[in-house]
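Undergrad: okay, structure incoming, though there's no sequence with it:
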């Protein structure tokens, strides 16, 4: 299968920016995704980026894509305690049906 | 809309017992998926169904079977449970359009003793 890697933990103070990083292996991925999982719940799509884009901004979220290095990042501005969750990076090679998820980064926001 | 629902929420089995995890979606989605989530390993695809009437293996299909009963329902069966199948199981569905956004159920926490 594909290899999607993320660091396991990130701790920030409320009001700071958070940056969660991800590397992936399949250059044919059409879409790359960020999902958020709150405790005891399933995953919810947070944002996504199409593979022909370098950057996408959506309110407090900024996604950066470096296709050459196969590196994806998610920046959360003005991080709040409600942002504490596990964040998963995912790719969909060829854009069809199969999704490969990273191991998830647990974001802890300290007040 | 309830979205994606899963039953049961929790289950404890003894080694060798069998059970079926149920999943249903009311969004008229074409594709449905079963994942397992283990600590530090993210989500791994067990089986998926691209459309009603078809099923395909994912990364970790051994020890599992699935049935796409109709467009709404996709069940996962463990014929002879093993402790290695202790995990949280998530069902998901996608409309099957170009974005392929997945909608997840709340999960089933399974413990095999």
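TA: Now that the structure is in, tell me what you want to look at. Remember, predicted model here, so these are calculated numbers, not experimental data.

Undergrad: now whichever residue of chain B sits closest to chain A: how far from residue A:54?
TA: Residue nearest to chain A within chain B: residue B:104 (3.2 Å; C-beta to the nearest C-beta). For glycine as for every other residue, the C-beta is placed from the backbone atoms N, C-alpha and C. Distance of residue B:104 to residue A:54, given as C-beta to C-beta, to the nearest Å: 28 Å.

Undergrad: close to chain A: what parts of chain B are there?
TA: Contact residues (C-beta under 8 Å from any C-beta of the partner chain) of chain B with chain A: B:4, B:31, B:33, B:35, B:40-45, B:48, B:50, B:58-59, B:90, B:92, B:94, B:98-107.

Undergrad: for PyMOL, what selects the buried ones among those?
TA: Command for PyMOL, covering only those of the residues of chain B next to chain A found buried under the criterion 16 or more other C-beta atoms under 10 Å in any protein chain shown:
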select buried, chain B and resi 4+31+33+35+42+43+44+45+48+50+58+90+92+94+99+100+101+102+103+104+105+106+107
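
Undergrad: quick check: the residue of chain A nearest chain B.
TA: Closest point on chain A to chain B, by C-beta to the nearest C-beta, is residue A:42, at 3.2 Å.

Undergrad: picking that back up, nearest residue to the residue of chain B closest to chain A in space, please, no chain neighbours.
TA: residue A:42 (3.2 Å; C-beta to C-beta, 6 or more residues apart in numbering or on different chains).

Undergrad: so who does that neighbour touch?
TA: B:4, B:90, B:92, B:104, B:105, B:106, B:107 (C-beta atoms under 8 Å, 6 or more residues apart in numbering or on different chains).

Undergrad: turn those into TSV, columns for pLDDT and secondary structure.
TA: Shown next, in TSV, are these (pLDDT from 0 to 100; DSSP: H, G, I helix; E, B strand; the rest coil):
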residue	pLDDT	secondary structure
B:4	95	strand
B:90	96	strand
B:92	95	strand
B:104	93	strand
B:105	94	coil
B:106	93	coil
B:107	95	coil
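
Undergrad: farthest pair within those?
TA: The largest distance within those, taken as C-beta to C-beta, falls between B:92 and B:106 and amounts to 11.3 Å.

Undergrad: beta partners for residue B:90?
TA: residue B:35 (DSSP bridges).

Undergrad: repeat for residue A:65
TA: With DSSP bridges as the rule, residue A:65 is bridged to residue A:72.

Undergrad: what's the local residue count around it?
TA: 22 (other C-beta atoms under 10 Å in any protein chain shown).

Undergrad: cool, the one 3 residues further on as well?
TA: If you count neighbours by other C-beta under 10 Å, residue A:68 ends up with 7.

Undergrad: and residue A:27, by the same measure?
TA: Residue A:27 has 11 nearby residues by other C-beta under 10 Å.

Undergrad: do residue A:3 as well
TA: The burial count for residue A:3: 12, using other C-beta under 10 Å.
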